[in-house]
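Peer 1: Okay, sequence plus prediction incoming.
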Amino acid sequence: MCFLLLYLFLFVILPPCTAQTVDFHVGVILDMHSPVGRIGNSCLSTAHSDFYSHHKDYNTRLVLHPIDSNASLTDAAIAAFGLLRDGRVDAIIGPQTSSQANFVMDLGERAHVPIISFSATTPSFLHQTRYFVQTAQNDANQVQAIASIIKEYRWRQVVIIYEDSKFGNGIIPYLSNAIQDVKSRVSHKSVLPKSASDDFIREELRKMKKMETRVFVVHTSPSLGAKLFLKVRELEMMSEGYAWIVTSGLTDLFKLVGSDVVEAMQGVVGVRPVIPISKGVQSLSARCIRTSHEADQDIRATEPSMFGVWAYDTLWALAKAAEVVGNKTENGGSADSTKPFSLGVSETGPKLLKALLETRFTGLAGEFNLVNRQLMQTSYEIVNVIESIERPVGTWKQNRNVTSSNSTAVVSFRSTILWPGDTFIPPRGWEVKELRIGVPEKPGFNDFMQVHKDVFDKVMAALNLQYKYVPYKMLNGAKPAGSYDDLVYQVSLQTDYDGALGDITITANRSNYADFTMPYAEGGVACMVPIKFEDINDVLTFIEPLSRELWLTTALFYIATAVVIWIISKRILHRANEFPGQHAGMIGYIPFFPGEGVESNLVCLVLVTWAFVASLLNSTYTASLSSRLTVARLHPSVTNVTQLVKDGSYVGCQGGSFLVNYLKRLKFNESKIKEYESVDDIHSSLGDKSISAYCDVLPHIKHILSQSCGKYVIIDPIYRTDGFAFAFPKDFPAVSDISKTIIQLTEDGTIQNLEPRESECPGPDKSSPLTRVSLRSFVVLFAITGFVTLTCLVVSLLIRLHHHRSFPQRISHFAALTRATILALWKFFKRIPDFVTTSRILALWNCFKRNDPSSLSRTTTSIDQILQVEMGP
């Protein structure tokens, strides 16, 4: 009985023990009358219901306190202040716009309460406060996706239209840099006030319509964007040739605007974060969007907005963080009632913020991961507005295998884009009015003018551009009135000319104030000089076939061979008792005509070797001399440009061209440079030697040479420069397309067929110029004959030493006599600088002549004694 009473008391009478739920109060500040506010609030409620139905065992629960900000910065600030001061909330979701968030985040910093926004996407919030968290994709994340579209279609200029607000201004620096990174530029920025009137928008669009750029990037709120595109259609700027790109805010809310705006946006391209299709997304579509549609009949969406998905994931993340924090800590400080704007400091807020930043899970929008208090960057989808749908046409992905400082991205297009005007042809990005093309008028050097016009006509026809030729006078009577440099400068001013053609060479100086197309003709600067012919009747023509080194070497070996033969055959000649004069005569003829008296085998060997070399020399000399006497050889009057500079020669160039400054850079004296206006004047000046050379661009030099066969020749070096090109003002949008067309016309041979046909010049053949025979051609033969001759000489001397044993002794006596003579002379001139008599010198000479060392010694001793007596020690 006792046990039964105890059981009833413990399990029936006492209530069951349950854990107490901890409430976390969360303020929600949204504009409940806007599409984003309605969808966000609906998705937050759906997320709250879904989360706690899946996590019934959680001990914490979020309590939402929604407040309508009425699209007002003041109302949002008052609502946030009231929640932080009176409601003692632990976190605030919102506010909705970037302008509101910019103010409310400061209140959160003061109260240590996290301010969490899924719709304020301005990048400038990142480092302003520690308590602001972006659970949305930062606007800066999408600029690379937009730039990838610009890069894909090679648009060189872009106009940015943005809203004058915190939301609109925040993205502009990032977008401008991204466009610049893809080698494009922002040609104009149009700033629209949030409350811009229709007249203001219309006037801004008219200004932009007059511009050449046809690519527009729009970053505005949905309401302002709707007004803008209605006016765009009204001014016929949504036609063929235009390209419109919108940022993610407008792309996502396309489904929320009216049908008339949808019709005005046909062909628009937009970017938006990739939302993976899942059962959760489909379920959210069925509930969240239905609730929003009941409140607003204009909402036509069948899938949730990205802001709705971010709102859904935001609440789940905050609920998980609250569970991590667990029991709340009572707020340490309360607001000072004596100060109307004071706020208490939350003890729970910092813990809740820390837990939120560490929360990781896979939400409906993908991986939820906060990096630097903002949602980690995701891939972006590129969509195309066609009728009432947004058709995906491509994807932009960030490469995460590299560091952020060297990040790369990949964009892929899987469908063709339907552009404004109902065309699949990509806009070229620019449109120009009728171009005024400056054409030089000058009396001479017009051989290529028709070529310039023909090439320009072909290019303009390919691009379907309108233009007209406007003359530019280079001469006023006989006086210079202009130059190519001035013509290019006039183009940069765009007062009288929008472009120019002619003999316009691309130079560094001209590139400072004009843009040039790809060159369509070869470049280079060369100088030509008159030709002179070699005189075959010159008295020294017989020397020309062989080089100086070969002549000297031949003479040296001739003499050396003769001397060696004389030395070897001396004994034979001595035995024949021939007088010395015959020896000298033998040297003259024996190498080529040995005669019958030579009996020594050594002499024969030397003679045969030398005769072989001499025969080859003789044949080579004869052949070379014959060719020189029968073929006239061309000689330039000057060999190279350096010689012209060194000699201070006069040179000519085309008047009005860049060549005057170019020749001055080559160290030509300005006073030595003459300008010419016609080819006839050049012929006259070169003929009467008023100038030594004429310098011009390579096409003109080649044309003059083809018309004056055999009169001039190009000298080295040929200096490299860019060729002829068309000039346009700086940042002219059509330059890249014109250059591309020039390349195409060059590859298919069209430009080559337009170039003038140079006549064949039947001048002298200079393909194999005559040269002198050098020593290098005979060095091996001379080495052989030298080796044979020297060997025979050594063998002859060894034989002579063997037969005349006293010969070494005589050599030794001769060496001693020489040393004694030198010693005596040295002593004599040292001791008697001014005592020299004829008798004493004769006595010394007689001793030396008798070849008697003992007499020489006695004479030297007697001279020493005389010196000691006459001059003293």
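Peer 2: In hand now; what should we look at? Note that this is a predicted model, so its numbers are computed, not measured.
Peer 1: And the strands in the stretch 601-750 of the chain, which stretches?
Peer 2: Remark: strands assigned in the stretch 601-750 of the chain by DSSP state E, counting those that start in this stretch are 634-636, 651-654, 673-676, 693-697, 712-719, 727-728.
Peer 1: tell me which strands and helices the longest one is in contact with?
Peer 2: The reference is to strand 712-719. Strand 712-719 sits against strand 525-533, strand 634-636, helix 641-647, helix 698-707, with contacts defined as 3 or more Cβ pairs under 8 Å, 6 or more residues apart in numbering; DSSP states H and E. Any C-beta I mention is one placed from the backbone N, CA and C, and that applies to glycine too.
Peer 1: Low-confidence regions, the stretch 101-250 of the chain specifically.
Peer 2: Filtered on pLDDT under 70, the stretch 101-250 of the chain yields the residue ranges 126-127.
Peer 1: Of all the residues in stretch 472-480, which ones are buried?
Peer 2: Tyr472, Met474, Leu475 (16 or more other Cβ atoms under 10 Å).
Peer 1: Got phi/psi on the last one?
Peer 2: So the one you mean is Leu475. Here is the backbone geometry of Leu475 (degrees, to the nearest 10): phi -130, psi 150.
Peer 1: Skipping its backbone neighbours, what lies nearest it in space?
Peer 2: Once flanking residues are discounted, Leu475 sits nearest to Ala481: 5.6 Å by Cβ to Cβ, 6 or more residues apart in numbering.
Peer 1: And the first one, by the same measure?
Peer 2: Sequence neighbours aside, Gly438 is the residue nearest to Tyr472 in space, at 4.4 Å (criterion: Cβ to Cβ, 6+ apart).
Peer 1: Which SSE is immediately downstream of the helix or strand encompassing the one you found?
Peer 2: Using DSSP states H and E, Gly438 sits in strand 435-441. Per DSSP H and E, the first helix or strand lying C-terminal to strand 435-441 is helix 449-463.
Peer 1: isn't Trp244 right next to Val269, touching?
Peer 2: Yes. Using Cβ atoms under 8 Å, Trp244 is in contact with Val269, at 6.9 Å.
Peer 1: backbone phi and psi for the residue nearest to the spatial centre of the chain, please?
Peer 2: Most central in the chain under Cα atoms, centre = their mean is Lys183, positioned 11.8 Å from the mean C-alpha point. Backbone torsions for Lys183, taken as degrees, to the nearest 10, come to phi 60, psi 30.
Peer 1: My understanding was that it contacts Val158; is that so?
Peer 2: No. Using Cβ under 8 Å, Lys183 is not in contact with Val158, being 11.6 Å away.
Peer 1: one step back: can you lay out the helices and strands packed on strand 712-719 as TSV showing mean neighbour count?
Peer 2: TSV is the format used below for the helices and strands packed on strand 712-719 (neighbours: other Cβ atoms under 10 Å):
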stretch	mean neighbour count
strand 525-533	20
strand 634-636	16
helix 641-647	17
helix 698-707	18
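Peer 1: and these, which one's lowest on average pLDDT?
Peer 2: Among those, strand 634-636 carries the lowest mean pLDDT, a mean of 65.
Peer 1: the strands in the stretch 451-600 of the chain, which residues?
Peer 2: Going by DSSP E, counting those that start in this stretch, the stretch 451-600 of the chain shows strands at 467-473, 475-476, 479-480, 499-500, 515-516, 525-533.
Peer 1: which stretch among these comes nearest Ala461?
Peer 2: strand 467-473 (10.2 Å; Cβ to Cβ).
Peer 1: Distance from the closest one to the middle of the chain?
Peer 2: 34 Å (Cα atoms, centre = their mean, to the nearest Å).
Peer 1: Repeat that for stretch 256-268.
Peer 2: 43 Å.
Peer 1: list the buried ones in that stretch?
Peer 2: Buried-residue list, stretch 256-268, by 16+ other Cβ under 10 Å: Leu256, Val257, Val261, Val262, Ala264, Met265, Gln266, Gly267, Val268.
Peer 1: for the last one, what are its contacts?
Peer 2: This means Val268. Phe229, Trp244, Ile245, Val246, Asn384, Val385, Pro420 (Cβ atoms under 8 Å, 6 or more residues apart in numbering).
Peer 1: Taking these together, which two end up most distant?
Peer 2: Using Cβ to Cβ for every pair in these, the one that comes out farthest apart is Phe229 and Asn384, at 15.0 Å.
Peer 1: Name the residue in those two with the higher neighbour count.
Peer 2: Taking other Cβ atoms under 10 Å, Phe229 and Asn384 do not tie; Phe229 has more neighbours (28 against 20).
Peer 1: is it true that that one touches Glu263?
Peer 2: No. Taking Cβ under 8 Å as the definition, Phe229 is not a contact partner of Glu263, at 9.4 Å.
Peer 1: Any stretches of the stretch 301-450 of the chain with poor pLDDT?
Peer 2: In the stretch 301-450 of the chain, residues with pLDDT under 70: 301-304, 328-342, 399-409.
Peer 1: again, but for the stretch 701-850 of the chain
Peer 2: 757-771, 800-811, 813-814, 817, 825, 828-850.
Peer 1: now the helices: where do they sit in it?
Peer 2: Under the criterion DSSP state H, counting those that start in this stretch, the stretch 701-850 of the chain carries helices at the ranges 735-747, 750-754, 779-803, 807-831, 838-849.
Peer 1: tell me the two of the buried residues of stretch 256-268 that are most distant?
Peer 2: Leu256 and Gly267 (19.4 Å).
Peer 1: you'd agree Ile160 is in a helix?
Peer 2: No. Counting by DSSP: H, G, I helix; E, B strand; the rest coil, Ile160 is not part of a helix but strand.
Peer 1: Just list whatever residues bridge to it.
Peer 2: Per DSSP bridges, the residues bridged to Ile160 are Lys189, Val217.
Peer 1: Let me see the contact set for it.
Peer 2: Ile160 makes contact with Ile172, Leu175, Ser176, Val186, His188, Lys189, Ser190, Phe216, Val217, His219, according to Cβ under 8 Å, 6+ apart.
Peer 1: just to revisit the earlier point, correct me if wrong: the residue nearest to Tyr472 contacts Thr495.
Peer 2: No. If you go by Cβ under 8 Å, Gly438 and Thr495 don't touch, sitting 11.0 Å apart.
Peer 1: mind checking the end-to-end distance for stretch 148-164?
Peer 2: 25 Å (Cα to Cα, to the nearest Å).
Peer 1: buried sites along it?
Peer 2: Buried-residue list, stretch 148-164, by 16+ other Cβ under 10 Å: 148-152, 155-163.
Peer 1: try stretch 507-520
Peer 2: Thr507, Arg510, Ala514, Asp515, Phe516, Thr517, Met518, Pro519, Tyr520.
Peer 1: Also stretch 422-430?
Peer 2: Buried residues in stretch 422-430 (16+ other Cβ under 10 Å): Pro427, Arg428, Gly429, Trp430.
Peer 1: nearest to Val143, of the residues you listed?
Peer 2: Nearest member of the buried residues of stretch 422-430 to Val143, counting by Cβ to Cβ, is Gly429, at 18.3 Å.
Peer 1: Provide a list of residues in contact with the closest one.
Peer 2: Contact analysis of Gly429 by Cβ under 8 Å, 6+ apart lists Tyr153, Arg154, Trp155, Arg156, Gln157, Thr213, Arg214, Val215, Ala243, Pro733.
Peer 1: Likewise for Val697?
Peer 2: Val697 touches Asp503, Thr505, Gly523, Gly524, Val525, Gln654, Ser657, Leu659, Thr721, Phe724, counting by Cβ under 8 Å, 6+ apart.
Peer 1: if you skip the residues just before and after it, what's nearest to the fourth one?
Peer 2: Just to be clear, that refers to Gly524. Here the residue nearest Gly524, using Cβ to Cβ, 6+ apart, is Leu698, at 3.9 Å.
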